[in-house]
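> Sequence plus the predicted model coming up.
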Amino acid sequence: MARQGRLIETIYGNLKGLKSNQIKQLRRLYHQRLPSDRITTSDFAQRLAAISTDIHQPISTYLNRRGQVIRVGVGSPRQTQIPPLELPRYGADRLSGIRCVATTLKQEVPKESALTAMALQRLDALAVLTMTGSGFERRGGGATGYVRSTYLAHLVPDPTTPWTISSPLSLEQLAQQNLMDLVEALESEFGRSLNPRLSETAETEQVLMVGVIPQAVSKAEMKANLAEVALLVESAGGVVVETIHQKRSHPHPQTVVGAGKVKEIALRAQTLGVTLIVFNLDLSPSQVRNLETQIGIRIVDRTEVILDIFAQRAQSQAGKLQVELAQLEYMLPRLAGRGQAMSRLGGGIGTRGPGETKLETERRAIQRRINTLQQAVNQLQAHRSRLRQRRQHQRVPSVAVVGYTNAGKSTLLNVLTNAEAYTADQLFATLDPTTRRLSIPDPETHQMRTLVLTDTVGFIHNLPPPLMDAFRATLEEVTDADVLLHVVDLSHPDWENHLRSVMDLLGTMPITPGPGLIAFNKMDQVSSEALAIAQDQFPQAVFISAQERLGLNTLRQKLLELIDYAAMPTV
Ligand SMILES: Nc1nc2c(ncn2[C@@H]2O[C@H](COP(=O)(O)OP(=O)(O)OP(=O)(O)O)[C@@H](O)[C@H]2O)c(=O)[nH]1
Ligand SMILES: [Mg+2]
């Protein structure tokens, strides 16, 4: 197949007005083979310049490290650029293994657009030849006298100016440059400049985050939104290397952001060598396709990051089923036309869960799988509901611990019950409801009273709709708990929004939940002013630090009071 591509010898770019003889000359360039350690030879450069002078157009050629010409185009490096999806990708510290040797009709240093094209393709080097306007064919064959001077440009690991350009060099000087020395030096420099934490763990996905922010949103809200997505990325095992944002009242229908911004994103992504781009909002399947085609790096939206976290965390049979269900439902409309280079093989955020082969099978097969999963989920729900009924039968009062993700629910459950639920400074650390027994001495009778505490999945605003069902299912425990314990992270700048989102969600639950108690957590991290504000707004709440074990006695007593209150017959 690859050989066939070479046999066709396509000439890219603008061929209008070229004579067949000139096309033939251009095609012959594909037959040239250069020494693999040279950027160019004098012969090759003169040959290019001769054709370029003849057709009065710039020519760009692309060569691989074996010295083979892999692409010939009429036009500037920008006009003849290799599409991102056709480029090999080796990682942040590697160049693409392709160099460009191009002619220019003007007597000037390489233009910004050519240098940008070099950065986008992570070229080994860009050599630009200026021309004399004339020359001649030597008797023994070969052209001479066409090249006036040359410039050599290459990338450098510098975030502000990602490239350097040489002063004018003679063709002889250029032809003496050793390509392999240059490439090796550059790649080791790129390797050193990478965040050492990142290069150690090749597993860590390096992410460029793109925030699209509605015009009306305040600076503080924007910060909170971006911080949350960054934490999602981290919880999924990635690191946000840089954030680019754009204010827009409406996302662009094709590419979310405007054409200029897409360019900027592509350039930054290539310069930084990130492996993934995450958007802070949800993208349509065609937006993902368009962006991947133009940028050449895998694009993932907020929902996919959340689904990925769920896929990594789900432990129980029920959790796994529900996550797979949600992933398949989300991916079904996104199957068509995902580029080859974007193949989901090889791991990383958004690749876990249903495997590549599963995605390649027909839609109908996926739909069948969705139906089967749905049935399994229904059966599990029925089973859980029987378990709950049995518990209710035993008349053990139950408390459901709810709240925004990362509020400290599991930590609280652990310190109250000496259990070992998984806690972590990650979003969605808990994905399966865990139920534990807790004994509290009654202050009046001094008898021990037993109740059960159930930990739940943390909430997050704008939960992806397909996950909403999975989420509600875990919250079912909530609907027949006697008492709700709502944990709020008071140290989070956005705690009021978190509190409201959880309240809103509970409001949509089919059965009205029992009485609730708000526990403001992480008191140890909160200023006395912030504490006073919350106390003023929520006088009934308790203030605790699960980690520092502060306020836990008050919390225990209040829980007992609430249980007694809930047990009172309604009049
Ligand atoms: N400073 C401080 N940190 C706390 C406190 N309670 C919990 N944390 C930390 O907050 C983070 C989240 O705690 P988790 O208990 O996992 O939170 P969660 O609500 O169960 O989170 P999800 O399961 O993701 O919904 C962990 O790093 C805890 O160590 C506290 O009182 N003070
Ligand atoms: Mg938890």
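Yes, it's here. Source: prediction; values computed, not measured. Numbering: from 1, shown residues only. Ligands and ions are numbered 1, 2, ... in the order given.

> where do the helices sit along the stretch 1-150 of the chain?
All helices of the stretch 1-150 of the chain, identified by DSSP state H, counting those that start in this stretch, fall at 2-8, 20-28, 42-55, 112-121.

> by contact count, what packs against the last one?
The one in question is helix 112-121. Packing partners of helix 112-121 (3 or more CB pairs under 8 Å, 6 or more residues apart in numbering; DSSP states H and E): strand 98-104, strand 126-131, strand 147-155, strand 163-165, helix 259-272. Bear in mind the C-beta positions are built from the backbone N, C-alpha and C, glycine included.

> quick one: average confidence on the shortest one?
Mean pLDDT, taken over the full extent of strand 163-165, equals 93.

> so how far is L490 from the residue in the stretch 151-300 of the chain that ligand 2 sits nearest to?
Closest to ligand 2 within the stretch 151-300 of the chain is S235: 11.6 Å, counting by CB to the ion. Here S235 is placed at a distance of 21 Å from L490 (CB to CB, to the nearest Å).

> With neighbour numbers in mind, choose between these two.
L490 (27 against 22; other CB atoms under 10 Å).

> Relative to ligand 1, how far out is that one?
9 Å (CB to the nearest ligand atom, to the nearest Å).

> can I assume that residue is in contact with F543?
Yes - assessed by CB atoms under 8 Å, L490 is found in contact with F543 at 7.5 Å.

> Any chance you could list residues touching both of those two?
F520, M523, L531, A534 (CB atoms under 8 Å, 6 or more residues apart in numbering).

> And the furthest pair within those?
M523 and A534 (9.6 Å; CB to CB).

> Give me the common contacts of these two.
With CB under 8 Å, 6+ apart, M523 and A534 have common neighbours L490, F543.

> Count the neighbours of the closest residue to S42 other than its chain neighbours for me.
Nearest residue to S42 in three dimensions, chain neighbours excluded: A175, at 4.9 Å (CB to CB, 6 or more residues apart in numbering). Neighbour count of A175, defined by other CB under 10 Å: 20.

> In terms of helices and strands, where is A175?
helix 171-176 (DSSP states H and E).

> So in this structure, where's the weakest helix or strand by average pLDDT?
Lowest on mean pLDDT, DSSP states H and E among the helices and strands of the chain sits helix 196-200, with a mean of 44.

> Right, and ligand 1 sits closest to which residue of the chain?
With CB to the nearest ligand atom as the measure, G458 is the residue of the chain nearest to ligand 1, at 2.1 Å.

> Please report the distance of that residue from ligand 2.
Distance from G458 to ligand 2, counting by CB to the ion, to the nearest Å: 6 Å.

> same thing with V396?
22 Å.

> How about T61?
In terms of CB to the ion, T61 sits 58 Å off from ligand 2.

> my read: that residue touches V69, true?
Yes - using CB under 8 Å, T61 makes contact with V69 at a distance of 5.6 Å.

> Now for the two: what residues contact both?
Joint contacts of T61 and V69 (CB under 8 Å, 6+ apart) are L29.

> between these two, who's got more neighbours?
T61 (25 against 20).

> Could you list the low-pLDDT ranges of the stretch 51-200 of the chain?
Low-confidence segments of the stretch 51-200 of the chain, defined by pLDDT under 70: 89-92, 159, 193-200.

> mind listing what's buried in the lengthiest helix in the chain?
Once the chain is assigned using DSSP state H, the helix that runs over the most residues is helix 363-393. Neighbour counts over helix 363-393 (16 or more other CB atoms under 10 Å) mark I366, R369, I370, L373, A376, V377, L380, R384, R388, R391 as buried.

> Stretch 452-462 too?
V452, L453, T454, D455, T456, V457, G458, F459, I460, H461.

> how about L291, what does it touch?
Neighbours of L291 in contact, by CB under 8 Å, 6+ apart: T255, V256, V262, I277, L283, I299.

> roughly how far is the host helix or strand of it from the heart of the chain?
Assessed by DSSP H and E, L291 sits inside helix 285-295. The chain centre lies 14 Å from the centre of helix 285-295; the measure is CA atoms, centre = their mean, to the nearest Å.
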